[in-house]
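Enquirer: Take this sequence and fold it.
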Amino acid sequence: MPQPSCKAPSRISLAGFTLVELIVTMAIVAILTAIAVPIYGSYVIKSHVKGAGADLVALALIMENQHQLTLNYASASSITSSTTGFSAFGPAEGAMFTYNSSVSSATPQAYTLTAVGQSGKPVSGCTLQLTNTNQRTFTAGSGSKACGGLTSW
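Expert: Take a look at the predicted model:
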């Protein structure tokens, strides 16, 4: 007659993850997401601001070309692609920024080009300016995050 064994019954090994392992993994993913999402948002805003800066430079080239042809800067307070004299201007960031120009009547003539972030957009409160002497300024409005944290353009 066989002797009874004192050994505990063997457990069958199951493949898979334990609940603790899944919770730890979810916590790590949540921490990484909490860090990555604001950084990505700032990156997107910076790209829009840099695009608006490039639009201002393109508009300055059109203004200088107009000055070469007529010895006067074209004046238009609000600039769109349909504005007379600016038909070649197609802003890449037209959905995010409003573009304006002001031309002085003094001699010698001067101009200031402005890109203002539209309200309700992530760039709201961000204002970029470019003058005929290539002075570049920006204002972040109510917070430094309005221009994506840029320090210059």
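
Enquirer: The residue nearest to the spatial centre of the chain - nearest residue in space that isn't next to it in sequence?
Expert: Most central in the chain under C-alpha atoms, centre = their mean is residue 45, positioned 1.9 Å from the mean C-alpha point. Distances taken as C-beta to C-beta, 6 or more residues apart in numbering place residue 148 nearest to residue 45, at 3.5 Å, with adjacent residues excluded. In this view, the C-beta of every residue, glycine as well, is placed from N, C-alpha and C.

Enquirer: can you check residue 104 too?
Expert: Leaving out its chain neighbours, residue 104 is closest to residue 110 (C-beta to C-beta, 6+ apart), at 4.6 Å.

Enquirer: Return the residues in contact with the one you found.
Expert: By C-beta atoms under 8 Å, 6 or more residues apart in numbering, the contact set of residue 110 is 73, 103-104, 131-133.

Enquirer: Against residue 67, how distant is it?
Expert: Residue 110 is 11 Å from residue 67, where distance means C-beta to C-beta, to the nearest Å.
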